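S.K.: Pasting the sequence and the predicted model now:
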Amino acid sequence: MMYFLYGFYAAAVIFSGYYLFFMCYHAVGIKKTVFTQNPIAVQGVSILIPVRNDAKQITQLLDCLLIQKNVFVPVQILIIDDHSQDDLYTVLQPYLHTVEYLPLPQEKQGKKQAIEHGILQAKHEIIITTDADCTMHEEWLYTLLSCFEEQVQFVSAPVLLQANTLFEKIQQIELMGLVGIGAGAIYYHKPNLCNGANLAYRKSAFNAVNGYEGSRHLASGDDELLMHKIHAYFNKKRGIVFCKNFDAIVYTPAQHTLKQFLQQRKRWISKARHYQRKGLTTQLVLLYSFYIVLLVSSMLSLWFIDFLYISTTLWTIKILAEYSIMIQMFSFFRQKTIKNTVIFLISQMFQCMYVLWAGIVSLRPAFIWKERKYE
């Protein structure tokens, strides 16, 4: 038992030390990230919206896009229909004088092929992608376009979940943390996370890395895997930036049920096995190992006092390390309330169990998305 305890102590020190370093490292990156608003230097922008059975929510998005302010360059809005089976086309009729409807050819399907098809029809160098269930501020487009200095190839921008119930608030807080980690990593020129609901990049950069070649068969990865390829190809200091500005936020609904949440997360997880950067895989293994040690110590603490001390220490490290990021993201998203701090604490056990589940599921993530089954 003593040998096991000493070995466990060693593992706890190593993995908790890395976890603390990882979170604080990214927290510093967030703090040092500064938004610089430049005059718009691009000649035009094509906004791509891949859709499938999104008739119920797309009008909110289009209404937001049609009232964007201070954008004095041509704007092309392309709706790429991935074989919708609802009344999408009928709903779009009042908008077809200002937006373009592009049905996906019969032999193509999926979000990536929809985006690729849209890029072929895009008239402008700057490509922006968002989703049909999103909304944004009136200055959103202007803010994103102002990020495109000459050397910038790819812009990652913030996404905030709209939440009402406790379950939805837990998701909202989790995504805030992921946005923060993504922003911090970009500051150090080691991009890891981004969200396809709010991205912008140069068409020339997309073509230079051959788009989604190598990952076209995956249901996910239209965001992160593309960002990783562009980073590897250009590898410039300002090649990829995070748009740290409140006006750049895109809002999208949280998942209402646990079943919907798990299906969505399975889709997100499915791309992790295809990361090309070995450093990212190593990070995931080390972070996951911390969660295993945390769970095991918590379970053993029910019978052994030594593990109660270890477990308490690990939980304290986890909460404080993550809060170094969350306090900044609460402030950035204007969600800094005592209620959100309490929900952050409440969500800790749920988040721990979810991460451990995600690691197991990632080995073979089968899921249903947009009425299609993926294995």
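M.R.: Ah, there it is.
S.K.: can we go C-alpha only for contacts and neighbour counts from here?
M.R.: Noted.
S.K.: what's the domain layout of the protein?
M.R.: 2-28+277-374, 36-172+190-271 (automatic domain parsing).
S.K.: What are the boundaries of the helices in the stretch 1-150 of the chain?
M.R.: 2-32, 58-65, 88-92, 111-121, 140-145 (DSSP state H, counting those that start in this stretch).
S.K.: what's the distance between the shortest one and the middle of its chain?
M.R.: In this view, helix 88-92 has its centroid 28 Å away from the chain centroid, taken as C-alpha atoms, centre = their mean, to the nearest Å.
S.K.: Show me what that helix is packed against.
M.R.: Using 3 or more C-alpha pairs under 8 Å, 6 or more residues apart in numbering; DSSP states H and E as the contact criterion, helix 88-92 has no neighbours among helices and strands.
S.K.: and it, which residues are buried?
M.R.: Using 16 or more other C-alpha atoms under 10 Å as the burial criterion, the residues of helix 88-92 that qualify are Leu88, Tyr89, Val91, Leu92.
S.K.: Contacts only, for Ile343.
M.R.: Ile343 sits next to Leu166, Lys169, Ile170 when contact means C-alpha atoms under 8 Å, 6 or more residues apart in numbering.
S.K.: Mind doing that once more with 10 Å?
M.R.: Ile343 sits next to Leu166, Phe167, Lys169, Ile170, Ile173 when contact means C-alpha atoms under 10 Å, 6 or more residues apart in numbering.
S.K.: Also Asn195?
M.R.: With contact set as C-alpha under 10 Å, 6+ apart, Asn195 has these partners: 129-130, 156-159, 175, 178-179, 182, 221-224.
S.K.: From these, list just the buried residues.
M.R.: Buried members of the contacts of Asn195, counted by 16+ other C-alpha under 10 Å: 129-130, 156-159, 175, 178-179, 182, 221-224.
S.K.: Which residue in these has the weakest pLDDT?
M.R.: Within the set of those, pLDDT is lowest for Gly221 (73).
S.K.: so where is the stretch 101-250 of the chain shaky, pLDDT-wise?
M.R.: Scanning the stretch 101-250 of the chain with the threshold set as pLDDT under 70 gives 219.
S.K.: circling back: which stretch among the helices of the stretch 1-150 of the chain comes nearest Ser297?
M.R.: With C-alpha to C-alpha as the criterion, Ser297 lies closest to helix 2-32 of the helices of the stretch 1-150 of the chain, at 8.7 Å.
S.K.: mind listing what's buried in that closest one?
M.R.: Using 16+ other C-alpha under 10 Å as the test for burial, helix 2-32 gives 8-9, 12-13, 15-16, 18-20, 22-30.
S.K.: Put the alpha carbons of stretch 250-261 into PDB.
M.R.: Provided in PDB are the C-alpha atoms of stretch 250-261 (Å, rounded to 0.1, in the frame of the first residue of the first chain):
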ATOM      1  CA  VAL A 250     -21.400  35.500 -31.900                       C
ATOM      2  CA  TYR A 251     -24.300  34.100 -29.900                       C
ATOM      3  CA  THR A 252     -25.600  30.600 -30.300                       C
ATOM      4  CA  PRO A 253     -28.100  28.500 -28.300                       C
ATOM      5  CA  ALA A 254     -26.900  26.000 -25.700                       C
ATOM      6  CA  GLN A 255     -28.100  22.400 -26.000                       C
ATOM      7  CA  HIS A 256     -31.400  22.000 -24.200                       C
ATOM      8  CA  THR A 257     -31.100  18.300 -23.200                       C
ATOM      9  CA  LEU A 258     -28.300  16.000 -22.000                       C
ATOM     10  CA  LYS A 259     -28.800  13.800 -25.100                       C
ATOM     11  CA  GLN A 260     -28.300  16.800 -27.400                       C
ATOM     12  CA  PHE A 261     -25.300  17.900 -25.400                       C
END
